[in-house]
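Undergrad: 3D model of this:
(one chain, ligands or ions: 2)
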Amino acid sequence: SLPEDAQIIFVLGGPGSGKGTQCAQILEEYDCVHLSAGDLLRAEVKSGSVVGKKCEELMREGKLVPFAVTLNLLKKAMIESGGKFFLIDGFPRALDQAEQFESSIMPCKAVLFFDCPEEEMEKRLLKRGETSGRSDDNAETIRKRFRTFLEQSLPVKDHYGDRKVCHVISAIPQPDVVYESVKDILDRLGA
Ligand code: UP5
Ligand code: MG
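TA: Ligands and ions are numbered 1, 2, ... in the order given. Predicted structure coming up:
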């Protein structure tokens, strides 16, 4: 099980807003465990498991995989890491996921939300698609990911916004400039 003084920060934002990039920066300075739900899912797909095969198709369509799958992958990775300060990147992606995760594991301490216009995110993802090998980095799937984000994931931000734990950060500037804002918030949180 998890240590009693474990802490969780959810790192959210649209597809290509820079969640992974900022988490990599945070890791260099703070003692924490970075868990990307998307990376865990891609590893599951790569493993060739039955669950992975089902997720592969959904991810190629820009849809959400079943909550139980991400919950199990995250829970396992959290425990196995032996850490106690977790950056959970790209999860929860729907309101019910947020509620169920928090009631079954623990409430989050804060949310970092990277705010970025769709045109900018699209530009970044198309560029990355030239070399990433990610089956969802193509124009058609990117549009579907944006739709899923608006319809299912954005309500999560409003949910936390109401609870005042959500910190909205502009993700438009260069990564090191965005990171300055991130650092300010983490330091204020006493991370
Ligand atoms: N880049 C980054 N920051 C930049 C900046 N400030 N200025 C200019 N360029 C910047 O960055 C994306 C690209 O932009 C990179 O090339 C980077 O260099 C550049 P990245 O840091 O990778 O952005 P990120 O927000 O992490 O983008 P990602 O594509 O990972 O976001 P998604 O949320 O779309 O992907 P994720 O891996 O989280 O999920 C993939 C799929 O898995 C989902 O579509 C869904 O099907 C499934 N999923 C679930 O079903 N449930 C889950 O809980 C999680 C995932
Ligand atoms: Mg990512």
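Undergrad: C-alpha from now on. contacts and neighbour counts both.
TA: Will do.
Undergrad: quick one: the worst-scoring helix or strand of the chain on mean pLDDT near ligand 1?
TA: Lowest on mean pLDDT, DSSP states H and E among the helices and strands of the chain sits helix 154-162, with a mean of 94. No: using CA under 6 Å from any ligand atom, helix 154-162 stays clear of ligand 1, with a minimum separation of 11.7 Å.
Undergrad: the helix or strand that comes right after that helix pairs with which strands, parallel or anti?
TA: For helix 154-162, the following helix or strand on the C-terminal side (DSSP states H and E) is strand 166-170. If you go by DSSP bridges, strand 166-170 pairs up with strand 110-115 (parallel).
Undergrad: coming back round to it: using PDB, list the CA coordinates for the least confident helix or strand of the chain.
TA: What follows is helix 154-162, C-alpha atoms only, in PDB (Å, rounded to 0.1, in the frame of the first residue of the first chain):
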ATOM      1  CA  LEU A 154     -12.300  19.800 -19.400                       C
ATOM      2  CA  PRO A 155     -15.100  19.400 -16.800                       C
ATOM      3  CA  VAL A 156     -12.400  18.000 -14.500                       C
ATOM      4  CA  LYS A 157     -10.600  21.400 -14.500                       C
ATOM      5  CA  ASP A 158     -13.900  23.100 -13.600                       C
ATOM      6  CA  HIS A 159     -14.400  20.600 -10.800                       C
ATOM      7  CA  TYR A 160     -11.100  21.400  -9.200                       C
ATOM      8  CA  GLY A 161     -11.300  25.100 -10.100                       C
ATOM      9  CA  ASP A 162     -14.400  25.200  -7.800                       C
END
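Undergrad: please report how far Asp31 lies from Glu130.
TA: 33 Å (CA to CA, to the nearest Å).
Undergrad: double-check Gln22 against Tyr179; I have them as touching.
TA: Yes: if you go by CA atoms under 8 Å, Gln22 and Tyr179 touch, sitting 6.4 Å apart.
Undergrad: from ligand 1, how far out is Val177?
TA: The gap separating Val177 from ligand 1 is 8 Å, by CA to the nearest ligand atom, to the nearest Å.
Undergrad: same check on Leu189?
TA: Distance from Leu189 to ligand 1, by CA to the nearest ligand atom: 22 Å.
Undergrad: list the contacts for the one residue sitting closest to the centre of the chain?
TA: With distances taken as CA atoms, centre = their mean, the residue of the chain nearest its centroid is Gly90 (1.4 Å). Listed by CA atoms under 8 Å, 6 or more residues apart in numbering, the contact partners of Gly90 are 10-13, 19, 36-38.
Undergrad: can we see that at 7 Å?
TA: 11-12, 36-38 (CA atoms under 7 Å, 6 or more residues apart in numbering).
Undergrad: distance check, it against Gly190.
TA: Gly90 is 22 Å from Gly190, by CA to CA.
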